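Asks: Sharing a model that was predicted from the sequence below.
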Amino acid sequence: MVIGIYKNKLFLFLFLGLTVFFANKYVGFPLSTVSADRAIADIADNMNMSGNRSRFYLEMNLKNDGSIEVDGKKISESIIPKVSFDELRYIILDKPENLYSELEVDLILPRKLTKLENKPEIIAVHGAEPEGTSFVGDRIIYKAKDIGPDATITITAAFPKGYLTLSANKKVEETIGVIPASYWLAISLALPILAAMLFLSVAIRSRGNFLDKIPDSLLQSLPERTPPAVAGALVDGKVGPRSITATLVDLAQRGFIEIYNRGEDFVIFKKQYDIKKTPLRPFEVTLLDKIFMPKQKAAGSFDVETRIARHLFSRKIALSYLEIYDEGLAHKYFFDAPARTHLRYRMMGIITFCAGIAGYAISAFFAPDPKFVLFFWISLVIFGILIVNFAPRITSLSPRGVEYRTRWLRFRNYLAQNELVAAREAGLFEKYLPYAIAFGVEADWASRFIEENFVKPDWYDYIADVNGVENFAKSLLPIIDYVAKAFDASSDPLVK
């Protein structure tokens, strides 16, 4: 099995990986921690500086930038900026391995301070007794006693604003913290709604012709010699499984393949042909290359599944879709290749989605409580998903494309009307069948020939008798639909 690598996906995931790496390294985004108000202590029992197994002593140095050092090494926790003060909240012991009769923690300040915002606290729970705190100008001393194996010891202190010169990322955290909750709620609702309105206005302008009323009139002949897949892409604004189904039937009618239905299985035969006399279009060549291996003359359901399983995404199916769009450009139906337009908006949606995920993750750790800002990032994630899913429906038609789309819709109306086809026009069934499939009206088209004598085409064979056009359609179309949907599912999602 060969696993294909897509450069655009590789670059995207590299970008996301580097973003997470630098956020962790330079912004201070913790990859494995809990909230700042419930930090897991990284001070193990062997950090006891007293040298006495029954007494715990720890000296901590608070730096001017809000970081904390123990024994000359910076620890992971630091000052948490709040709205009106800067807070230290740190777990010293959490279920210690040793029992301690007494505990003392000395927090050395960067310089003398006359007054704290609140009285410092030592919180001792689950088998420990706090003895209080003392503030002596340039240090805070915390004491507790009778620390058992299930105890948790936490120290707190609140410093006035301006006493510490916090780092840039702490300044950002502080700025976020002073925004009232009501503002975050308003922003969380307003910005995604405004962004959605702007996106929808772009989408409606790009797809305005697709929202027009479908014409009621009929056109009883092909508007022009256009491949069924291209006509379908013009009417729907995008390529899909029906494009493949219509192309396979068209190839069979033109003598390039034959289909044999064995009841529970099928075989598609590749016929010998003179490429100079009956030239194939680029997307048709690509599709046949996907079905048949080099020098292979027949392919069954197992071969189709094997070809699909060789790659996570099929380059050839993606290429055939691009070539169908190129064929539409050659007919001057589109201003720009629809795949390029779809990709542009899909990338916009992916970037929006990733920004929402990144913003949510960072805010979950750094945003002050209550974390109303998370509503904004959640709405951004949802908005990104909507853009990604709606992007394939944004297609810009040229003036010629608008004109011929109306003509093809009138022709579709003719295929789907309820009147039976006259006996003298019985040969039209096979001629227009690929177009009926491309437009999704093959059942309506077949029902118009229900009373006519039907002769099975030479390119199709069935293990049982084919009596009538209805049995023909019921036996053939599930096979073609299976192949088409399987190939479509394996196509690069950024190309559709």
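Replies: Yes, it's here.

Asks: Near Arg344, how many other residues are there?
Replies: 12 (other C-beta atoms under 10 Å). All C-beta spots, glycine's among them, are computed from the backbone N, C-alpha and C.

Asks: and the residue nearest to Thr133 when sequence neighbours are not counted, how many neighbours?
Replies: Using C-beta to C-beta, 6 or more residues apart in numbering and skipping residues adjacent in sequence, the residue nearest Thr133 is Pro120, 4.5 Å away. Pro120 has 20 neighbours, counted by other C-beta under 10 Å.

Asks: and Pro120, that's in a strand?
Replies: Yes - Pro120 forms part of a strand when assessed by DSSP: H, G, I helix; E, B strand; the rest coil.

Asks: Tell me the predicted confidence for it.
Replies: At Pro120, the model reports a pLDDT of 88.

Asks: what do you get for the one 3 residues further on?
Replies: Each residue has a pLDDT score; the one for Ile123 is 87.

Asks: Specify the beta-bridge partners of it.
Replies: Thr154 (DSSP bridges).

Asks: Offset the numbering so it begins at 6, please.
Replies: That works, and once the first residue is 6, the last one we named lands at Ile128.

Asks: how much space is there between the residue nearest to Thr138 and Leu285?
Replies: Relative to Leu285, Pro125 is positioned 82 Å away (criterion: C-beta to C-beta, to the nearest Å).

Asks: So what sits opposite the residue nearest to Gly305 when sequence neighbours are not counted in the bridge?
Replies: Once flanking residues are discounted, Gly305 sits nearest to Val272: 4.8 Å by C-beta to C-beta, 6+ apart. Going by DSSP bridges, Val272 is paired in beta bridges with Tyr265, Gly305.

Asks: Val272 and Ser319, how far apart?
Replies: To Ser319, Val272 is 21 Å away according to C-beta to C-beta.

Asks: between those two, who's got more neighbours?
Replies: Ser319 (22 against 16).

Asks: hang on, the more buried one packs against Ala494?
Replies: No - taking contacts as C-beta atoms under 8 Å, Ser319 lies outside contact range of Ala494: 9.2 Å.

Asks: check contacts around the residue nearest to Thr138.
Replies: Pro125 makes contact with Thr138, Phe140, Ile145, Tyr147, Ile160, Thr161, Ala162, Ala163, according to C-beta atoms under 8 Å, 6 or more residues apart in numbering.

Asks: and if we set it to 6 Å?
Replies: Residues near Pro125 by C-beta atoms under 6 Å, 6 or more residues apart in numbering: Thr138, Ile145, Ala162.

Asks: in the sheet, who's paired with the second one?
Replies: When bridges are called by DSSP bridges, Ile145 pairs up with Leu112, Phe140.

Asks: Count the neighbours of it for me.
Replies: Neighbour count for Ile145, taken as other C-beta under 10 Å: 24.

Asks: separation between it and Tyr409?
Replies: Distance, Ile145 to Tyr409, by C-beta to C-beta: 80 Å.

Asks: got it, and the first one?
Replies: Between Thr138 and Tyr409 the computed distance is 82 Å (C-beta to C-beta).

Asks: Output the helix or strand harbouring Ala451 as PDB - backbone C-alpha positions only.
Replies: Here Ala451, judged by DSSP states H and E, is contained in helix 447-452. Output of helix 447-452 as PDB, limited to C-alpha atoms (Å, rounded to 0.1, in the frame of the first residue of the first chain):
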ATOM      1  CA  GLU A 447     -32.800   9.800 -14.100                       C
ATOM      2  CA  ALA A 448     -35.800   8.200 -12.500                       C
ATOM      3  CA  ASP A 449     -38.100  10.800 -14.100                       C
ATOM      4  CA  TRP A 450     -36.400  10.400 -17.400                       C
ATOM      5  CA  ALA A 451     -36.700   6.600 -17.300                       C
ATOM      6  CA  SER A 452     -40.400   6.800 -16.400                       C
END
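
Asks: So what touches that helix?
Replies: Against helix 447-452 from outside (C-beta under 6 Å, 6+ apart): Leu420, Ala421, Ala441, Val474, Ala478.

Asks: got the buried residues for that helix?
Replies: Residues of helix 447-452 classed as buried: Glu447, Trp450, Ala451, Ser452 (neighbour count, 16 or more other C-beta atoms under 10 Å).

Asks: and the helix or strand following it, which strands flank it?
Replies: As assigned by DSSP H and E, the chain's next helix or strand after helix 447-452 is strand 465-467. Within its sheet, and counting by DSSP bridges, strand 465-467 is paired with strand 262-266 (parallel).

Asks: Cheers, nothing more for now.
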